[in-house]
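J.: Give me a model of this one.
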Amino acid sequence: MALPTKQEVQDLVKQLTEAANAYDDSASLAGHLARTDIIARAKDLQRALITADQTPAYHGLNMAELIAARTFIKIGALDAIPETGTISLHGLSKATGAQESLLGLFIRFDSLDFVV
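T.: Residues are numbered from 1 along each chain as shown. The predicted model follows:
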């Protein structure tokens, strides 16, 4: 599968932008459909930009991120992060009892870089 042209990417971004402009934060069916449309448009863009040979790497990375997120939940790391302010890696280690090196590894694997 060939990569999309610049125009095709711009068209996909335009569709995503239009869906985002129609965003509805209500709990209604219309709100749900608007949010679902944004997600679908984002996935369309992502699928267009990832080539077949890159797909296994993205799936592997996704699995690693899910494992890291699940582990963070299981050890209580997400509960230890303050709602306001920050927490250091050392503070998170003390709060959870997990080694700093392990937490650092999971943070690199996941998009939880807001922790440090």
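J.: Could you give the separation of the helix or strand bottoming out on mean pLDDT in the chain from the chain centroid?
T.: One helix or strand of the chain scores below all others by mean pLDDT, DSSP states H and E: helix 100-109, with a mean of 81. Relative to its chain's centre, helix 100-109 lies at 17 Å (Cα atoms, centre = their mean, to the nearest Å).
J.: same thing with stretch 2-10?
T.: 23 Å.
J.: Show the average pLDDT along it.
T.: When pLDDT is averaged along stretch 2-10, the result is 94.
J.: Could you list the buried residues of that stretch?
T.: If you call a residue buried by 16 or more other Cβ atoms under 10 Å, then stretch 2-10 has no buried ones at all. In short, each C-beta sits where N, CA and C put it, glycine included.
J.: count of neighbours near residue 24?
T.: Burial measure for residue 24: 15 neighbouring residues, criterion other Cβ atoms under 10 Å.
J.: Please tell me I have it right and it contacts residue 31.
T.: Yes - judged on Cβ atoms under 8 Å, residue 24 makes contact with residue 31 at a distance of 4.0 Å.
J.: Check which helices and strands the helix or strand hosting residue 11 sits against.
T.: Following DSSP states H and E, one finds residue 11 within helix 6-21. Here helix 6-21 touches helix 29-49, going by 3 or more Cβ pairs under 8 Å, 6 or more residues apart in numbering; DSSP states H and E.
J.: Okay, buried residues for the helix it packs on please.
T.: Buried residues in helix 29-49, counting neighbours by 16+ other Cβ under 10 Å, are found at 34, 35, 37, 38, 41, 45.
J.: which residue sits closest to the third one, ignoring its sequence neighbours?
T.: Closest residue in space to residue 37, ignoring its immediate chain neighbours: residue 19 at 4.6 Å, by Cβ to Cβ, 6 or more residues apart in numbering.
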